[in-house]
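A.B. asks: Prediction below, plus the sequence it came from.
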Amino acid sequence: MNPFIRVGALALLILTASLAAAEKPDFSGEWKLNTVKSDFGPVAAFDRWDLDVTHKDPSLKVKATMSNAQMGERTNDTELSTDGQETQTGEGASSAIVSAAWTGPVLVVKSTRKVNMQGDEVEIRNEEKWSLSEDGKTLTVEAVIASPMGELRMKRVMDKQ
């Protein structure tokens with residue numbers, strides 16, 4: 001093979017790899033809910049939804065603290081992998097199977113949990129799409145929650161602290 005073609009092919013390979021890596025944002029940081037820009041649909045609005053995120057791809061650790069008038073305050077720690085691998089999180093009623101995978105610059109996080117509703121065990125599925133603004137200061141999480149009672153859509157807009 002011609003040495004110029006070999007060097008050109010290598011340069012193209014390196015450029016393609018660096019562009020692919022650049023597509024994946026780093027969600028690390030402290031995030032606070034922007035209640036004005038968020039939409040919780042028919043669910044009681046949240047007064048607080050803070051995230052403390054440590055992201056070193058493929059590792060993603062999220063500590064979420066949330067509260068509203070209906071449920072009070074609760075904290076949830078989740079550790080998952082962004083390579084699509086399923087992870088068991090939580091214990092008992094807060095137990096879920098979670099996976100996350102990249103679709104371009106968007107991280108798609110899926111979870112399935114079984115809960116007891118009036119004596120019946122039902123499955124609740126959640127799909128979140130995490131995207132970061134170009135300036136890295138706004139995290140938008142669009143969620144679809146599916147249960148036997150129907151589908152619920154929410155959008156959380158988070159500001160970096």
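C.D. replies: Done, it's in.
A.B. asks: where do the strands sit along this structure?
C.D. replies: 29-33, 48-56, 59-68, 72-81, 87-89, 96-103, 106-117, 120-132, 138-147, 150-160 (DSSP state E).
A.B. asks: Turn these into TSV, including distance to residue 23.
C.D. replies: Backbone N, C-alpha and C define where each C-beta goes, glycine included. Shown next, in TSV, are the strands of the chain (distance: least, C-beta to C-beta, whole Å):
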stretch	distance to residue 23
strand 29-33	19
strand 48-56	14
strand 59-68	16
strand 72-81	18
strand 87-89	23
strand 96-103	8
strand 106-117	9
strand 120-132	11
strand 138-147	16
strand 150-160	20
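A.B. asks: now the ones you listed in CSV, with distance to residue 41 and mean pLDDT?
C.D. replies: Output for the strands of the chain, formatted as CSV (distance: least, C-beta to C-beta, whole Å; pLDDT from 0 to 100):
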stretch, distance to residue 41, mean pLDDT
strand 29-33, 15, 98
strand 48-56, 14, 97
strand 59-68, 13, 96
strand 72-81, 20, 92
strand 87-89, 24, 89
strand 96-103, 21, 96
strand 106-117, 18, 93
strand 120-132, 14, 95
strand 138-147, 9, 97
strand 150-160, 6, 97
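A.B. asks: now those as TSV including distance to residue 39 and mean neighbour count?
C.D. replies: Below are the strands of the chain laid out as TSV (distance: least, C-beta to C-beta, whole Å; neighbours: other C-beta atoms under 10 Å):
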stretch	distance to residue 39	mean neighbour count
strand 29-33	12	17
strand 48-56	13	16
strand 59-68	14	16
strand 72-81	21	13
strand 87-89	26	14
strand 96-103	22	17
strand 106-117	18	16
strand 120-132	14	15
strand 138-147	10	17
strand 150-160	5	16
